[in-house]
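**Student:** Predicted model follows, preceded by the sequence.
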Amino acid sequence: MKRLLTKREAAKLVSMDPATLMRLAKAGKFPQPIKLGDSANCHVRFDLDELAAWIEECCAAREVS
């Protein structure tokens, strides 16, 4: 079973404001949230494994630069 984080938990993990995190996700620069429902205001969650992979990619890109 996947471990899902709330928007606030995900933002805290990557030291970002939740609004910034959602802007980056909308721009395709952050893992996409999983919508729990059909409405525009439904709850969203982030996959912990996807966040960990994104963090690793950021660290690897920094080391190459």
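**Tutor:** Yes, it's here.
**Student:** So which elements touch the longest helix belonging to the chain?
**Tutor:** Identified as the longest helix of the chain according to DSSP state H is helix 48-64. Applying 3 or more C-beta pairs under 8 Å, 6 or more residues apart in numbering; DSSP states H and E, we find helix 48-64 packed against strand 4-6. From N, CA and C alone the C-beta is placed, and that goes for glycine too.
**Student:** C-terminal to the strand it packs on, what's the next element?
**Tutor:** Sequence-wise, the next helix or strand downstream of strand 4-6 (DSSP states H and E) is helix 7-13.
**Student:** what's near enough to touch the spatially closest residue to D47 that is not a sequence neighbour?
**Tutor:** Using C-beta to C-beta, 6 or more residues apart in numbering and skipping the chain neighbours, the partner closest in space to D47 is K2 (5.5 Å). With contact set as C-beta atoms under 8 Å, 6 or more residues apart in numbering, K2 has these partners: 47-49.
**Student:** Who wins on neighbours among those residues?
**Tutor:** The most crowded member of those, judged by other C-beta atoms under 10 Å, is D47 (18 neighbours).
**Student:** circling back: what secondary structure does the residue nearest to D47 sit in?
**Tutor:** Here K2 is coil, with the state taken from DSSP: H, G, I helix; E, B strand; the rest coil.
**Student:** what does the model give it for pLDDT?
**Tutor:** What the model reports as pLDDT for K2 is 89.
**Student:** Likewise for the one 3 residues further on?
**Tutor:** Confidence at L5, expressed as pLDDT, is 97.
**Student:** What of E56?
**Tutor:** E56 is given a pLDDT of 95.
**Student:** Geometric centre of the protein: which residue is closest?
**Tutor:** P31 (4.7 Å; C-alpha atoms, centre = their mean).
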